[in-house]
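**Student:** sharing a model that was predicted from the sequence below.
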Amino acid sequence: MSKKTKTNLIIILGVMQLFNGLSGLLGGFMLIDDPSSLSMKLEWLENTPFTDFLFPGIILFLFVGLGNVFGFWLTFKKKNKRAQFGSIFGLILMIWIIAQIAFIGYKDFLQPLYFTSGLFQAITGIAVVRLTAER
């Protein structure tokens with residue numbers, strides 16, 4: 001594929017990382033600070049290992065939020081392993097959504113939206129890795 005295709009994929013990867021990262025930071029912060037602002041109900045946690053949304057908020061903030069923001073920084077600083085980080089944190093977002101649905105069930109259209117976003121990020125990262133290896 002052309003260099004332009006690779007460049008476009010890298011830009012798309014960075015945008016996905018920024019979108020998912022900022023979403024994770026905001027969502028995680030809101031879960032830590034005041035989950036009621038997100039219409040989250042404590043009853044949802046009855047069959048989970050959690051008594052409140054603090055720990056899930058911390059996980060979301062750190063792994064989905066900071067992980068993707070760090071990946072975004074790697075991508076636009078043209079650092080090695082940027083595409084691998086993109087793929088890994090796309091997979092982490094997908095795992096987050098799968099675990100969320102397994103624990104509390106389907107609650108909102110955002111669950112499939114973010115799962116798809118993580119999938120798209122992971123696939124884009126893999127495509128960049130493959131294009132880089134073809135050089």
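**Tutor:** Done, it's in. No experiment lies behind these values; they were computed from the predicted model shown.

**Student:** and after the longest helix anywhere in the chain, which helix or strand comes next?
**Tutor:** Under DSSP state H, the helix in the chain containing the largest number of residues is helix 3-33. Later in the chain than helix 3-33, the nearest helix or strand by DSSP states H and E is helix 54-59.

**Student:** tell me which other helices or strands that following helix touches.
**Tutor:** helix 3-33 (3 or more Cβ pairs under 8 Å, 6 or more residues apart in numbering; DSSP states H and E). Every residue, glycine included, has its C-beta placed from N, CA and C.

**Student:** tell me the buried residues in the helix it packs on?
**Tutor:** Under the neighbour-count criterion of 16 or more other Cβ atoms under 10 Å, helix 3-33 has 6, 9-10, 12-14, 16-18, 20-21, 23-25, 27-28, 30-32 buried.

**Student:** also stretch 103-117?
**Tutor:** Ile104, Gln111, Tyr114, Phe115, Ser117.

**Student:** between the residues you listed, which is nearest Met94?
**Tutor:** Phe115 (5.7 Å; Cβ to Cβ).

**Student:** who's in contact with the closest one?
**Tutor:** Leu93, Met94, Ile97, Ile98 (Cβ atoms under 8 Å, 6 or more residues apart in numbering).

**Student:** which phi and psi does Glu46 have?
**Tutor:** phi -60, psi -40 (degrees, to the nearest 10).

**Student:** what residues are up against it?
**Tutor:** By Cβ under 8 Å, 6+ apart, the contact set of Glu46 is empty.
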